[in-house]
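Q: build me a model from this:
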Amino acid sequence: MAKTRHRLTQAFFWPRLSEDVWEYCRTCPTCQKMGKTGDHPKAPLHPMPIIQEPFSRVAVDIIGPLPRPSATGKRYILTVVDYATRYPEAVALSNIQADTVADGLLQVFSRVGFPQEILSDQGSQFTAELTQQLWRLCGVKALHSAPYHPQTNGLCERFNGTLKQLIRAYAQERKDCEKYLPHLLFAYREVPQESTGFSPFELLYGRRVRGPLDLDRAQWEGGQEAEGLPAVSYVLELRERLTELTAMVQGNMQAAQAQQEAWYDRSARSRSFLMGQKVLVLKPQRQNKLQASWQGPYRVVTQVGETTYVVVSCTDTRIQRTFHVNMLKAYHERPETVSAICAPAAEEAEQFPLVDLPGIDCRPSGVEQVQLGEGLGPHKQEQARQLLQEHQELFSALPGYTSRAVHQVETPGQRPLRQPAYRLPEAVHESMRAEIREMLELGVIEPSVSPWASPVVLVPKKDGTTRFCVDYRRLNDCTVTDAYPMPRVDELLDQISQGHFLTTVDLCKGYWQIPLAEEATPKSAFITPFGLYQFRVMPFGIKNAPATFQRLIDRLLDGLQEFACAYLDDIAIYSQTWEEHLHHLGVAFARIRDANLTLKPTKCRIGMSEVQYLGHRVGRGTQRPEPAKIEAILEWPTPITKTQVLAFLGMAGYYRKFVPNYSVLAKPLTDLTKKTLPRQVLWSPECETAFQQLKTALTQAPLLAAPNYSKRFIVHTDASMFGLGAVLSQVGDDGGGGIIRWLTSAANSYPERWDTQRSRKNVWPWFGPCESSSRMCTGGPSP
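A: Numbering: from 1, shown residues only. As a prediction, the model looks like this:
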């Protein structure tokens, strides 16, 4: 940086030159990747927990391939070290395939018992399906270290280094190291370990084991026989000695860990990364595994431990990797700049005095931005425009302010809660300032002196902008719940899809159109790096806000249920004829205007034959999934954790009524979410098949008909050993059939030992209580 600054100052100068040069060099992509591997501070040491019970946690690793195989062809050594006693075991292997490694581990466990936890790296032999199945059968919890961070398994790595030195010393004279492996292990086990202060033999057996030196001493002393102890006395003395050893070892290990931590943390510094922040990853080069370089950039997905992060490539988001914080460093992006060329005027323009003009709002009223149905003819479109002009004050980019509702925040007996502000990247500071400035101009917020304070987060939206949100979780925990019910999505879709003319309108920043109670205003205070502010209107993220908003909309549309419904601020109006639709729109717009609410014109659709509503495409008596949502499901990457599997099932399950045999198709995936299974899912070929079949079924999902409650319903049921199923349909006016619902249930809800005949008898007891079926079929006309 100094050389760059020196070269520039030879010919140029401008204010803040040094700062600009420093920022330019700091954000250079090539320099960041070519920097030294140790150019970032390491994180403070986090000691491993002290284990007191022998062989409750063990560490495993593999040495090899050895330069020369043994006489039996063994080229690898499987090492196992106990965390409590530091007792090592080693087994020579011919290869490191999963089945060979599993056999070697069983040999060790047959001598010392099965552990509760086993720590290893992420080698394929330790993460294979066979090995994972062995852990489940033995009740062992598998722990894995982060990639390229062997320090997590430092105990076993350090023993491997010692064992390699012993093998190297023996290999000079003896070629078959497998034959002398027990002798090397004996020599290691009888020597006191530095951290514990005792030998592994003594901690495991509670006594000193006779070694070569003891045999020499016995010969010098003439082979004197030691006095024997009764069995009971020996057991009591052994128990007492083991208790004393455990206490002494714990103290020695705590002192050793404290010494190691003090030495290691001299140059360490706590580091953390924000979700979504770009980082570089230190990874070995493909040409030379012993050399590493910075690669990336990657984007941080989540933090899974105190010092471990899950990252994903910015160019390929399908594969997620886990890395230790010491393998990461922040990636500094260079801001994009736009150059401007300024040229002097050819002639000096004549100067005129400035004239003060009255303020004129040149922004469009909003009516021009409302979308009209493409199927409407010129005459109908003109009628729709006249209606919009009559209610043009409704359509605005600015939120209204209603007096029909007030949001309360009841926190009985709760003292004020104050939280510090979240640290945000410098790149979003200007965006936050702009959001605060806009909300102050709109009168949404005001400066505050409240003792309450909640932190701020900026959430990205689909259009690339950010949504200003406050983390009210601690305030929400102590807020009294409003039990007002939310409408069912399936019932709203059934109502809307019956219409031939559909209109959907969306309120402009709907929450901000409801005032906040005066006593609740201080509780809404939020803290930023630029000051403390509080809301004057109902903010996003606060508890009971959906209930307050839904209550307002339900009162607004009271009496209009035959042609209008709403889910929060998504209001839908549906009619059978165009004349009825114009009348219905006029009544609904008048209600909205009287409540002093405004609509966002860019989200209003008038006179449509089909509309997108709550993730569905509805209209003309049919329903189908929204194409954009199905496209997102098709591009869904393969899940690797339970959370990701649940997220996919939640997305796909939202459209389960469109998929025949959904429960049977999804059963391999739902089985992965059982509590007894590990967080990292074991993705089998059966799971991949179910994953792809669900995607294909959703892309080929048939159109569903809207139910007509004036006609009778037809139910077809069937059952097998794998699931129960039913099809709910109706006969149309033209005699054709229309499917309304596909209903399925996996067999895990019922005894799988039932035969097919018995299962079929139990379909109706299952189908009858279903919410969808009972709501449609109960009380309908008789056949």
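Q: any idea of the pLDDT on residue 38?
A: If you check residue 38, the pLDDT there is 55.
Q: how is this protein divided into domains?
A: Here the domain parsing of the chain from automatic domain parsing is 2-34, 57-220, 278-330, 367-620, 624-777.
Q: any idea which of the ones you listed gets closest to residue 272?
A: domain 278-330 (7.6 Å; C-beta to C-beta). Any C-beta I mention is one placed from the backbone N, CA and C, and that applies to glycine too.
Q: continuing past the top strand by length along the chain, what's the next helix or strand?
A: In the chain, taking DSSP state E as the definition, the longest strand is strand 292-303. Per DSSP states H and E, the first helix or strand lying C-terminal to strand 292-303 is strand 308-313.
Q: next SSE downstream of that next one?
A: Next along from strand 308-313, by DSSP H and E: strand 320-324.
Q: so what strands line up beside the helix or strand that that next one is followed by?
A: Counting by DSSP H and E, the next helix or strand C-terminal to strand 320-324 is strand 328-330. Sheet pairing here is set by DSSP bridges, and for strand 328-330 it gives strand 278-284 (antiparallel).
Q: and the partner strand, how far out from the chain's middle?
A: 21 Å (C-alpha atoms, centre = their mean, to the nearest Å).
Q: tell me what angle it forms with strand 292-303.
A: Counting by axes from the mean of the first three to the mean of the last three C-alpha atoms, to 10 degrees, strand 278-284 lies at 130 degrees to strand 292-303.
Q: which other residues reach strand 278-284?
A: For strand 278-284, the surrounding residues in contact (C-beta atoms under 8 Å, 6 or more residues apart in numbering) are 32-33, 37, 148, 273, 290-300, 309, 311, 314, 321, 323, 327-331, 333.
Q: ok, residue 396 touching residue 513?
A: No: assessed by C-beta atoms under 8 Å, residue 396 is found out of contact with residue 513, at 10.9 Å.
Q: which neighbours do the two share?
A: residue 598.
Q: who's more crowded, the two?
A: For residue 396 versus residue 513, the count of surrounding residues by other C-beta atoms under 10 Å is larger for residue 513: 24 against 16.
Q: measure that one to residue 409 for me?
A: Separation of residue 513 from residue 409 (C-beta to C-beta, to the nearest Å): 18 Å.
Q: again, but for residue 662
A: Residue 662 is 41 Å from residue 409, by C-beta to C-beta.
Q: pipe the domains of the chain into a markdown table and attach mean pLDDT per row.
A: Output for those, formatted as a markdown table (pLDDT from 0 to 100):
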| stretch | mean pLDDT |
| --- | --- |
| domain 2-34 | 77 |
| domain 57-220 | 81 |
| domain 278-330 | 76 |
| domain 367-620 | 90 |
| domain 624-777 | 74 |
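Q: hang on, the earlier thing: which among the contacts of strand 278-284 end up buried?
A: Using 16 or more other C-beta atoms under 10 Å as the burial test, the contacts of strand 278-284 include 32, 148, 273, 294, 296-300, 309, 311, 321, 323, 327-331 as buried.
Q: and the helix or strand containing residue 606, which residues are buried?
A: Using DSSP H and E, residue 606 sits in strand 605-608. Neighbour counts over strand 605-608 (16+ other C-beta under 10 Å) mark 605, 606, 607, 608 as buried.
Q: Throw these into a markdown table and include distance to residue 646, thanks.
A: A markdown table is the format used below for the buried residues of strand 605-608 (distance: C-beta to C-beta, whole Å):
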| residue | distance to residue 646 |
| --- | --- |
| 605 | 33 |
| 606 | 39 |
| 607 | 40 |
| 608 | 34 |
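Q: considering those, which is situated nearest to residue 434?
A: Nearest member of the buried residues of strand 605-608 to residue 434, counting by C-beta to C-beta, is residue 605, at 29.7 Å.
Q: so who does the closest one touch?
A: Counting by C-beta under 8 Å, 6+ apart, residue 605 has contacts 370, 371, 373, 502, 503, 504, 505, 611.
Q: try 7 Å this time
A: By C-beta atoms under 7 Å, 6 or more residues apart in numbering, the contact list for residue 605 reads 371, 503, 504, 611.
Q: before we move on, what about residue 538?
A: Residue 538 is in contact with 407, 511, 514, 516, 545, 548, counting by C-beta under 7 Å, 6+ apart.
Q: let's see that with 6 Å instead.
A: Residue 538 sits next to 407, 511, 514, 516, 545 when contact means C-beta atoms under 6 Å, 6 or more residues apart in numbering.
Q: in stretch 689-703, what's buried?
A: Within stretch 689-703, the residues scored as buried using 16+ other C-beta under 10 Å are 690, 691, 693, 694, 695, 697, 698, 701.
Q: ah, wrong one, I meant stretch 116-129
A: Result for stretch 116-129 [16+ other C-beta under 10 Å]: buried residues 118, 119, 120, 121, 123, 125, 126, 127, 128.
Q: same question for stretch 398-415.
A: Those would be 399, 400, 401, 402, 405, 407, 409, 410, 411, for stretch 398-415 by 16+ other C-beta under 10 Å.
Q: same question for stretch 85-104.
A: Buried residues in stretch 85-104, counting neighbours by 16+ other C-beta under 10 Å, are found at 85-93, 96, 98, 100-102, 104.
Q: among these, name the ones in helices.
A: 98, 100, 101, 102, 104 (DSSP state H).
Q: please name the nearest non-neighbouring residue to residue 422.
A: Nearest non-adjacent residue to residue 422, counting by C-beta to C-beta, 6 or more residues apart in numbering: residue 455, 4.4 Å away.
Q: for the one you found, give me its contacts.
A: 419, 421, 422, 471.
Q: pick out the most distant pair among those.
A: Most distant of those, by C-beta to C-beta, are 421 and 471, 10.2 Å apart.
Q: now the element after the helix or strand containing residue 439, going C-ward?
A: Per DSSP H and E: residue 439 is located in helix 429-442. Sequence order places strand 445-447 as the next helix or strand after helix 429-442, per DSSP H and E.
Q: doesn't residue 739 fall inside a strand?
A: Yes: checked against DSSP: H, G, I helix; E, B strand; the rest coil, residue 739 lies within a strand.
Q: what does stretch 544-563 contact?
A: Applying C-beta under 6 Å, 6+ apart, the contact partners of stretch 544-563 are 404-405, 407, 482, 484, 486, 511, 538, 564, 566, 568, 573-575, 584, 591, 595.
Q: how long is it end to end?
A: 27 Å (C-alpha to C-alpha, to the nearest Å).
Q: and it, how far out from the chain middle?
A: 33 Å.
Q: now stretch 95-105
A: Chain-centre distance of stretch 95-105: 34 Å, with C-alpha atoms, centre = their mean.
Q: keeping just the C-alphas, turn it into PDB.
A: Listed next in PDB are the C-alpha coordinates belonging to stretch 95-105 (Å, rounded to 0.1, in the frame of the first residue of the first chain):
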ATOM      1  CA  ASN A  95      -7.400 -51.000   2.900                       C
ATOM      2  CA  ILE A  96      -9.600 -48.100   4.200                       C
ATOM      3  CA  GLN A  97     -12.900 -49.100   2.800                       C
ATOM      4  CA  ALA A  98     -15.900 -48.700   5.000                       C
ATOM      5  CA  ASP A  99     -16.400 -52.400   5.700                       C
ATOM      6  CA  THR A 100     -12.700 -52.900   6.600                       C
ATOM      7  CA  VAL A 101     -12.700 -49.900   8.900                       C
ATOM      8  CA  ALA A 102     -15.900 -51.100  10.600                       C
ATOM      9  CA  ASP A 103     -14.400 -54.600  11.200                       C
ATOM     10  CA  GLY A 104     -11.300 -52.900  12.800                       C
ATOM     11  CA  LEU A 105     -13.500 -50.800  15.100                       C
END
